[in-house]
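Undergrad: Fold the following.
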Amino acid sequence: MSTRPHLLSEGEPIAAQPVDELAELREELADLQSQLHVLETNYERDRKQIQQLILSLRAIFSGDMEAVPTHTSTPPTGGDRRWDTWISKLGGKQGEFIRALLDHGAMTREQLRISTHSGSSTVDLVLRKLKELSLIVRSGDGRWQLKQL
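TA: Below is the predicted model of the structure:
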């Protein structure tokens, strides 16, 4: 342990108080690991999108228009990186649902169940929790989508 002096408003030092450097370092390490996870997630998503773009461009320039993918996934949130923070914060099925909605846009309850390999009761529970957190909304056609952050 080390000590750090604290100053009063008049500039006079008061007794130093012990600081637990190990706890501070552990907290900083946890923050850095969380940031690394977000960066890795973003990298993987961006890599997949670029790969789709490259395949499309190759097909276009080779003249093989039938090989051009008809669906390229663009996140409905405009690529907002804050969703990655929510995914890492919530984790589990809630994170999987957010990722599915980012990758595919608005989805029905059944589409979410299939894409996340979840049971019906799990879908109901996760949708309720995400709605309570004000992260998703139900559109007029019954599909669920992420709210704009």
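Undergrad: could you give me the average pLDDT of the helix or strand where E28 lies?
TA: Under the criterion of DSSP states H and E, E28 resides in helix 21-62. Mean pLDDT, helix 21-62: 82.
Undergrad: All the helices of the protein, residue numbers only.
TA: Ranges of helices within the chain are 21-62, 82-90, 92-104, 109-115, 120-132, based on DSSP state H.
Undergrad: how many other residues sit next to R45?
TA: 19 (other CB atoms under 10 Å). Every C-beta, even on glycine, is put in place using the N, C-alpha and C of the backbone.
Undergrad: I'd like to know how far it sits from A106.
TA: Plainly put, R45 is 18 Å away from A106 if you go by CB to CB, to the nearest Å.
Undergrad: From the contact counts, what lies against the helix holding E28?
TA: helix 82-90 (3 or more CB pairs under 8 Å, 6 or more residues apart in numbering; DSSP states H and E).
Undergrad: Work out the gap between the helix holding E28 and the centre of the chain.
TA: Mean-position distance between helix 21-62 and its chain equals 11 Å (CA atoms, centre = their mean, to the nearest Å).
Undergrad: Show me the domain layout of this protein.
TA: For the chain, the structural domains run 20-72, 76-149, going by automatic domain parsing.
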